[in-house]
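K.L.:
Sequence and computational prediction follow.
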Number of protein chains: 2
Amino acid sequence: MRTLNVALGDRAYPIHIGRGLLDRADLVLPHLKTRRVAIVTNDVVGPLYLHRLCSALEAAGVQVSAVSLPDGEAHKDWATLNRIFDVLLAERCERSTTLIALGGGVVGDMGGFAAACYQRGMPFIQIPTTLLAQVDSSVGGKTAINHPLGKNMIGAFYQPRLVLADIETLNTLPGRELSAGLAEVIKYGLIRDAEFLGWLEGNLERLVAREPDALAHAIERSCRNKAEVVAADETERGERALLNLGHTFGHAIETGLGYGEWLHGEAVAAGTMMAVELSRRLGWLSEVDVARVAALFERAGLPVYGPKLGVERYLDLMAHDKKVEAGRLRLILLRSLGQGVIHADASPAEISKAIEARCR
Amino acid sequence: MRTLNVALGDRAYPIHIGRGLLDRADLVLPHLKTRRVAIVTNDVVGPLYLHRLCSALEAAGVQVSAVSLPDGEAHKDWATLNRIFDVLLAERCERSTTLIALGGGVVGDMGGFAAACYQRGMPFIQIPTTLLAQVDSSVGGKTAINHPLGKNMIGAFYQPRLVLADIETLNTLPGRELSAGLAEVIKYGLIRDAEFLGWLEGNLERLVAREPDALAHAIERSCRNKAEVVAADETERGERALLNLGHTFGHAIETGLGYGEWLHGEAVAAGTMMAVELSRRLGWLSEVDVARVAALFERAGLPVYGPKLGVERYLDLMAHDKKVEAGRLRLILLRSLGQGVIHADASPAEISKAIEARCR
């Protein structure tokens, strides 16, 4: 088991990465305020892993409530969030009860937001079961639900007390979802870790084959990169924005197609290619760089072109993005491979050309 | 104009108390991140004051959006909250846009919670227009909406950047609502300020007559008391719980009758009498003390008995309260007039007798 500490002052917390962590109630107990937890999971992950987690906790004397949500981004809405509140209240969970999110990014986002809001804040633990959730949403405290007019528009910054990343849960992950997680892994290399990018170019097939050692390394390195960024900028005023490489374009893809059509990681991969293309047009990347990034995504089984929504539609959807400030779109681009930058000066014409070049 | 500083480190903010502050855009401008605000108000307060506030801000070059909610506690729910999000998104408000809540406690609670959640947090300013909101919800950062199973169950701690308490807005406040606000004013005297309690006993009729100097003094003293408590305990782990004197009983009254039947302050007054009665039964207060408190509430036009819901119903509703920890009800009682205490050892039998004695 590897352990990484996310340094956030009095909200610092550990991330344990390893095999069989689901059964390790001993890792959970020190982080509970009382021996009472409510587990939030979904209808796909619950049947696979809920019983094991419950058994381990109950054997340790913890009283457990559980609620299972329908699977998928399409349910990341208020109605589904309210099902969590209904159960918490019906089972008289207290402000000192700990909420555990067992599942992927949607479960983590909703469980975390529910924990942030229930009685104005209850303790929260994350047990991410997808690669995406393990390398992305388990660090940083971003929680949210969607609004019909925009993704993740309603939410909170709320830190967990503990994250358990059990690599064995990735064995039941569909290949398409593993690939989606790799999009974010590759992102860390692109924005700030050229050495890791090189490692990925040498080891990508080992990740696709789910070799535990390779996965553990990639997860730890990804989390460390994200933890460093978040520790420096908890509420996304500066450097943290770099983590959004490909996301403004990607959110437009997800919203434009309707949530759930493309996986988040797939949209991020295609969106990153748009950012990479724009960086090339600004003279920061070469044709060879663009080809290297595309090759890495393709080896990971990810799309390198966005859907043909029409450039106008892309721009319109992007104008709703949280990264807009004073009317200007702040895009994350690459100065070089391994060095992301925040750029607010790209003209709509330049952005349009980059989108056009990477739609098919 | 009097100014009070709420000392919360990097989230410290000023409360200005005075006449005609609605027109003082100069007080607002230094606290805006960009010249863009969204005002949340309601259908009663909006027609009276929205135009003045908008005019002042627009004259200062600020772009203003506005949304008016239906009036009353019955609308403090998700559906109404979502109307705020709909407008913020439709009018493309950004994360740097400042949300201004113009109205009473419900508007402040919903506006504040919307600001806490919109894009995970936008700047927030409060312009409370009721006495209750000026002396209570304008300090402390508590925001929330109700759930069918409990009041204020879904919310956040979220601090405003500025509070403007314009005493002239109290001139249009119905007498019943002025009285409800006085319940919280009296509360500060009871839990920690015997000297202020004495002042209230000598000046209560001046407050009921809305004498500006008396109101300004009572508001400032109330806010100072609350600010001291909150600064010492921002997220309600210890002393802050004292502010809930009468509230656990009071919430049972509000929930039991259905939100909106009694005003919050009315329920708090009757609930405080239950806490006072229980304190007498524990030997902490005398019959004379009980009569003094009841007389003060009655002079303020407040009820001193709760409705006959049945003791079992009271206890059941109170068991849902946020103040429950490890299954025990933590009640706020009085050791003496001017000294509140947290007490978790009252037996259900003792609590029942106190409720029974103060229902009619």
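P.N.:
On my side now, so go ahead. Residues are numbered from 1 along each chain as shown, chains lettered A, B, ... in the order given.

K.L.:
list the helices and strands the helix or strand containing residue A:202 packs on?
P.N.:
Assigned by DSSP states H and E, residue A:202 belongs to helix A:194-208. Of the remaining helices and strands, those touching helix A:194-208 by 3 or more Cβ pairs under 8 Å, 6 or more residues apart in numbering or on different chains; DSSP states H and E are helix A:175-192, helix A:212-232, helix A:287-299. Where you see a C-beta, it was placed from the backbone N, CA and C, and this is true even at glycine.

K.L.:
Could you point out which of those sits nearest chain B?
P.N.:
Chain B sits nearest to helix A:212-232 of all the helices and strands packed on helix A:194-208, at 13.4 Å, using Cβ to the nearest Cβ.

K.L.:
what helices or strands is the closest one leaning on?
P.N.:
strand A:2-6, strand A:13-18, helix A:175-192, helix A:194-208.

K.L.:
Enumerate the positions of it that are buried.
P.N.:
Buried residues in helix A:212-232, counted by 16 or more other Cβ atoms under 10 Å in any protein chain shown: A:214-231.

K.L.:
picking that back up, would you single out the least confident of the helices and strands packed on helix A:194-208?
P.N.:
Of all those, helix A:212-232 carries the lowest average pLDDT, namely a mean of 94.

K.L.:
when you compare where that helix runs with where strand A:13-18 runs, what's the angle?
P.N.:
Angle of helix A:212-232 versus strand A:13-18, following axes from the mean of the first three to the mean of the last three Cα atoms, to 10 degrees, is 170 degrees.

K.L.:
Counting neighbours, which bits of the next helix or strand along the chain from helix A:212-232 end up buried?
P.N.:
Proceeding N to C from helix A:212-232, the next assigned helix or strand is helix A:247-257, under DSSP H and E. Of the residues in helix A:247-257, A:247, A:248, A:249, A:250, A:251, A:252, A:253, A:254, A:255, A:256 count as buried by neighbour count, 16+ other Cβ under 10 Å.

K.L.:
Likewise for stretch A:50-70?
P.N.:
Quick answer for stretch A:50-70 (16+ other Cβ under 10 Å): A:50, A:53, A:54, A:56, A:57, A:62, A:64, A:65, A:66, A:67, A:68, A:69.

K.L.:
Pull the contacting residues for the fifth one.
P.N.:
Residue A:57 sits next to A:25, A:28, A:37, A:64 when contact means Cβ atoms under 8 Å, 6 or more residues apart in numbering or on different chains.

K.L.:
What about the first one, how many residues nearby?
P.N.:
In other words, residue A:25. Here the number of neighbours of residue A:25 (other Cβ atoms under 10 Å in any protein chain shown) works out to 17.

K.L.:
re earlier: could the helices and strands packed on helix A:194-208 go into CSV alongside distance to residue A:328?
P.N.:
Compiled in CSV, these are given as follows (distance: least, Cβ to Cβ, whole Å):
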stretch, distance to residue A:328
helix A:175-192, 21
helix A:212-232, 22
helix A:287-299, 25
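
K.L.:
which one of the contacts of residue A:57 is nearest chain B?
P.N.:
residue A:37 (14.0 Å).

K.L.:
Correct me if wrong: residue A:351 contacts residue A:330.
P.N.:
No: here residue A:351 does not reach residue A:330: they are 12.0 Å apart, not a contact under Cβ atoms under 8 Å.

K.L.:
circling back: comparing the helices and strands packed on helix A:212-232, which comes out most buried?
P.N.:
Among these, helix A:175-192 has the highest mean neighbour count (mean count of other Cβ atoms under 10 Å in any protein chain shown), at a mean of 24.

K.L.:
for the helices and strands packed on helix A:212-232, which one sits closest to residue B:238?
P.N.:
The closest of the helices and strands packed on helix A:212-232 to residue B:238 is strand A:13-18. By Cβ to Cβ, the value is 23.3 Å.

K.L.:
and the closest one, what other elements does it pack with?
P.N.:
In terms of contacts (3+ Cβ pairs under 8 Å, 6+ apart), strand A:13-18 is packed against strand A:2-6, strand A:162-166, helix A:212-232.

K.L.:
Now tabulate the contacts of residue A:57 in JSON lines and tack on distance to residue B:261 and pLDDT.
P.N.:
Below are the contacts of residue A:57 laid out as JSON lines (distance: Cβ to Cβ, whole Å; pLDDT from 0 to 100):
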{"residue": "A:25", "distance to residue B:261": "46", "pLDDT": "97"}
{"residue": "A:28", "distance to residue B:261": "44", "pLDDT": "98"}
{"residue": "A:37", "distance to residue B:261": "36", "pLDDT": "98"}
{"residue": "A:64", "distance to residue B:261": "37", "pLDDT": "98"}
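
K.L.:
Alongside chain B, which residues does chain A contribute?
P.N.:
A:34, A:78, A:82, A:85-86, A:89-90, A:92, A:94-96, A:116-121, A:142-144, A:147, A:149-150, A:152-157, A:235, A:319-320, A:322, A:324-326 (Cβ under 8 Å from any Cβ of the partner chain).

K.L.:
Report back the residue of chain A that's furthest from centre.
P.N.:
Computed with Cα atoms, centre = their mean, the residue of chain A farthest from its C-alpha average is residue A:61, at 32.0 Å.

K.L.:
which residues touch that one?
P.N.:
residue A:35.

K.L.:
filter the residues of chain A next to chain B to the buried ones?
P.N.:
By 16+ other Cβ under 10 Å, the residues of chain A next to chain B give A:34, A:78, A:85, A:89, A:94-95, A:116-121, A:142-144, A:147, A:150, A:152-157, A:320, A:322, A:324 as buried.

K.L.:
Just these: which are in strands?
P.N.:
Secondary structure assignment by DSSP state E places A:142, A:143, A:144, A:147, A:150, A:152, A:153, A:154, A:155, A:156, A:157, A:324 of these in strands.

K.L.:
what about residue A:258, how many neighbours?
P.N.:
10.

K.L.:
all strands for the stretch 251-360 of chain A, in order.
P.N.:
A:324-325, A:328-329, A:331-336, A:339-343 (DSSP state E, counting those that start in this stretch).

K.L.:
any idea how far the spatially closest residue to residue A:299 that is not a sequence neighbour is from chain B?
P.N.:
Using Cβ to Cβ, 6 or more residues apart in numbering or on different chains and skipping the chain neighbours, the partner closest in space to residue A:299 is residue A:204 (4.9 Å). Per Cβ to the nearest Cβ, to the nearest Å, residue A:204 is found 33 Å from chain B.

K.L.:
Just to check, residue A:204 is in contact with residue A:295?
P.N.:
No: using Cβ under 8 Å, residue A:204 makes no contact with residue A:295, being 9.5 Å away.

K.L.:
Where does pLDDT dip in the stretch 201-350 of chain A?
P.N.:
When residues are selected by pLDDT under 70, those of the stretch 201-350 of chain A lie in A:235-237, A:259, A:321-327.
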